[in-house]
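Visitor: With the sequence up front, the predicted model follows.
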Amino acid sequence: MGAGVNDTAHPQPTHPIQVANFRIYWLNRLARTLAQDAVLLVIAWQVYNIARDAGMSVAQASGQLALIGLLQFAPLFLLSPFTGLAADRFDRRTIAQATALTQLGCAGILGLVTFQGTMNIPILFAIAVIFGVARGFAGPALSALAPNLVPKALLPTAIALSSISWQAGRIIGPAMGGLLYEIAPSLPYAVAAGLFGISFIALGFIGKVPQPPMRRDQRPIGQILDGLAYVVRNKMVLGSITLDLAAVFLAGATALFPVYARDILHVGASGLSQLAAAPAIGAGVMAAWFSFRPMKTNVGPKMLWSVAIFGAATIAFAFSTWMPLSLAMLFIVGATDMFSVYVRQSLVQLHTPDDKRGRVSSVSLLAISASNEGGDFFSGSLAYLLGPVAAVAAGGAGAIFTVAAWARLFPVLVTTKTFDPPPEMLEGTPNHSKGSPS
């Protein structure tokens, strides 16, 4: 049964997995992430190999990877205020379903063109843009939907479980994409299309979810600015979001995995899938740990330390030419990144009123996209100028510098001990987070 069932008929759940709507949401996120990460890895691999086979140098081909990052980030950046508003104004399940269908279509086109042997870089670039638009709308809708599926007391555990589905997708998705590509280049796209279909169907089974009404005395632009103003005013939310933005933007080695797989570690497509899966395995282990042992104390300082270790492991990966060491460092990168993500998501969700979660989530998604896809553009561009090893090492050093700077710019991150929101927010915000067990 869905959220909102009479509590006298069904006892309150003690774990998110007892809530039927959350289980369906978890399946949707797993299927979608599997498909997305498989598609994005294969797109990058095809772009890099087409460029290298056409006679481009490593630096020039790295520049093509930078463009892939830019083309995915641009629509997310331009549409972010409107996607957040859409998540607060319209049914979040419907938005998520529409984006799943769009991504299914993208995977189908890529699979067909690859099967026909007519794939080229302009087609990959065009699909990257459409994919970015779909992700731009899906992110805020799904992020804002999750807190409404479980009671507020279970939200940190639900975030950890949701992260497990995300990280499981990131573990299996890239590995699946690389291995299926070796069997048949069009196969990963066909499998991804099926997974997007599963995501679409699963969302249809989520029952009606409470969604707070929007203020009708504000025009849409005013509502957008209201969400942005909340992020700027709340130093906890602003500091948490921008810490991840700056650190991962600078230290994003993911975009250069094809370069390392082909021209530095010489491990090919199967090695590429291992490189992509290693940080996700580390993140998945960390998320699993938090699902059983949620963090309760010194959350701010621990988040800062995790980002510093993230930067140090990135530097070690940059200089490694031995595959086991590279995988070990990427495991640490993923584990520390998940540590930071867990703290940040918990703080942002619990410190944001429900009627603003869609718009605040869109700001958070913009930061994540800026750090990931925007970071891909930055890393690829820096590799074009300095070479891939220097680019990755410089990014890791930048992440460590970011921690020191943010500890001074946002002292609230240093002094935050628990996830508990301020009492005034709890008193002024109705609880829309009730869920009932199946």
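Guide: Noted; the coordinates are in hand. Numbers count the residues shown, from 1 in each chain.
Visitor: Just the pLDDT for residue 158.
Guide: Note for residue 158: predicted pLDDT of 81.
Visitor: ugh, wrong one, I meant residue 13
Guide: 81.
Visitor: Quick check: it vs residue 113, distance?
Guide: The gap separating residue 13 from residue 113 is 46 Å, by Cβ to Cβ, to the nearest Å. All C-beta spots, glycine's among them, are computed from the backbone N, C-alpha and C.
Visitor: ok, those two, which is more surrounded?
Guide: Neighbours were counted for residue 13 and for residue 113 using other Cβ atoms under 10 Å; residue 13 has more, 20 against 17.
Visitor: There's contact between that one and residue 153 in this structure, I believe.
Guide: No: applying Cβ atoms under 8 Å, one finds residue 13 not in contact with residue 153, separated by 9.8 Å.
Visitor: ok, residue 30 to residue 380 distance?
Guide: 29 Å.
Visitor: between the two, which one's more packed in?
Guide: residue 380 (28 against 23).
Visitor: ok now do the more buried one, which residues does it touch?
Guide: Under the criterion of Cβ atoms under 8 Å, 6 or more residues apart in numbering, the neighbours of residue 380 are 62, 63, 64, 65, 66, 67, 68, 69, 255, 256.
Visitor: Out of those, which two sit at the greatest distance?
Guide: 67 and 256 (13.6 Å; Cβ to Cβ).
Visitor: out of these two, which sits in the busier spot?
Guide: Per other Cβ under 10 Å, whichever of residue 67 and residue 256 has more neighbours is residue 256, with 28 against 18.
Visitor: Next, work out how far apart the more buried one and residue 66 are.
Guide: For residue 256 relative to residue 66 (Cβ to Cβ), the value is 10 Å.
Visitor: shared neighbours of those two, anything?
Guide: 379, 380, 383.
Visitor: Which one of these is nearest to residue 278?
Guide: For the shared contacts of residue 256 and residue 66, the nearest to residue 278 is residue 379 (17.1 Å; Cβ to Cβ).
Visitor: looking at it, the closest one is touching residue 392, isn't it?
Guide: Yes: using Cβ under 8 Å, residue 379 is in contact with residue 392, at 7.0 Å.
Visitor: So which residues of the stretch 301-438 of the chain form helices?
Guide: Using DSSP state H, counting those that start in this stretch, the helices of the stretch 301-438 of the chain run over 323-350, 357-386, 388-409, 411-415, 423-428.
Visitor: Of all those helices, which one is nearest residue 95?
Guide: helix 357-386 (9.5 Å).
Visitor: just the shared contacts of residue 256 and residue 66 now: which is nearest residue 107?
Guide: Nearest to residue 107 among those, counting by Cβ to Cβ, is residue 380 at 23.4 Å.
Visitor: Which is the succeeding secondary structure element to the lengthiest helix in the chain?
Guide: Longest helix of the chain, by residue count under DSSP state H: helix 20-53. Per DSSP states H and E, helix 20-53 leads on to helix 58-89 as the next helix or strand towards the C-terminus.
Visitor: What's the mean pLDDT across that following helix?
Guide: Here the average pLDDT along helix 58-89 is 83.
Visitor: just how off-centre is that helix within its chain?
Guide: 13 Å (Cα atoms, centre = their mean, to the nearest Å).
Visitor: any idea how far residue 385 lies from residue 391?
Guide: With Cβ to Cβ as the criterion, residue 385 and residue 391 are 8 Å apart.
Visitor: okay, those two: which has more neighbours?
Guide: Taking other Cβ under 10 Å, residue 385 and residue 391 do not tie; residue 391 has more neighbours (24 against 11).
Visitor: Assess the claim that the more buried one and residue 375 are in contact.
Guide: No: Residue 391 lies out of contact with residue 375 (Cβ under 8 Å); the separation is 11.0 Å.
Visitor: circling back: I'd like the helices of the stretch 301-438 of the chain written out as CSV, with distance to residue 147 and mean pLDDT added.
Guide: Output for the helices of the stretch 301-438 of the chain, formatted as CSV (distance: least, Cβ to Cβ, whole Å; pLDDT from 0 to 100):
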stretch, distance to residue 147, mean pLDDT
helix 323-350, 5, 88
helix 357-386, 6, 76
helix 388-409, 25, 95
helix 411-415, 22, 89
helix 423-428, 14, 49
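Visitor: right, and those - which one's nearest residue 229?
Guide: helix 357-386 (9.9 Å).
Visitor: any idea of the mean pLDDT for stretch 30-41?
Guide: 93.
Visitor: still on that earlier bit, of all the helices of the stretch 301-438 of the chain, which lies closest to residue 193?
Guide: Among those, helix 357-386 comes nearest to residue 193, with 22.0 Å by Cβ to Cβ.
Visitor: quick one: residue 375 and residue 88, what's the gap?
Guide: Distance from residue 375 to residue 88, by Cβ to Cβ: 27 Å.
Visitor: ok, now residue 43?
Guide: Residue 43 is 31 Å from residue 88, by Cβ to Cβ.
Visitor: sorry, back to before: which member of the shared contacts of residue 256 and residue 66 is positioned nearest residue 186?
Guide: Among these, and counting by Cβ to Cβ, the member closest to residue 186 is residue 380, at 25.6 Å.
Visitor: how much space between residue 237 and residue 308?
Guide: 21 Å.
Visitor: Those two - which one has more neighbours?
Guide: Taking other Cβ under 10 Å, residue 237 and residue 308 do not tie; residue 237 has more neighbours (22 against 18).
Visitor: can you tell me the helix or strand for that one?
Guide: Going by DSSP H and E, residue 237 is in helix 235-250.
Visitor: helices or strands next to the very next helix or strand once past that helix in the packing?
Guide: Following helix 235-250 in sequence order, the next helix or strand is helix 257-259 (DSSP H and E). Using 3 or more Cβ pairs under 8 Å, 6 or more residues apart in numbering; DSSP states H and E, the elements in contact with helix 257-259 are helix 20-53, helix 58-89, helix 268-292.
Visitor: I'd like to know which of these is closest to residue 326.
Guide: Nearest of the helices and strands packed on helix 257-259 (Cβ to Cβ): helix 268-292, 6.9 Å.
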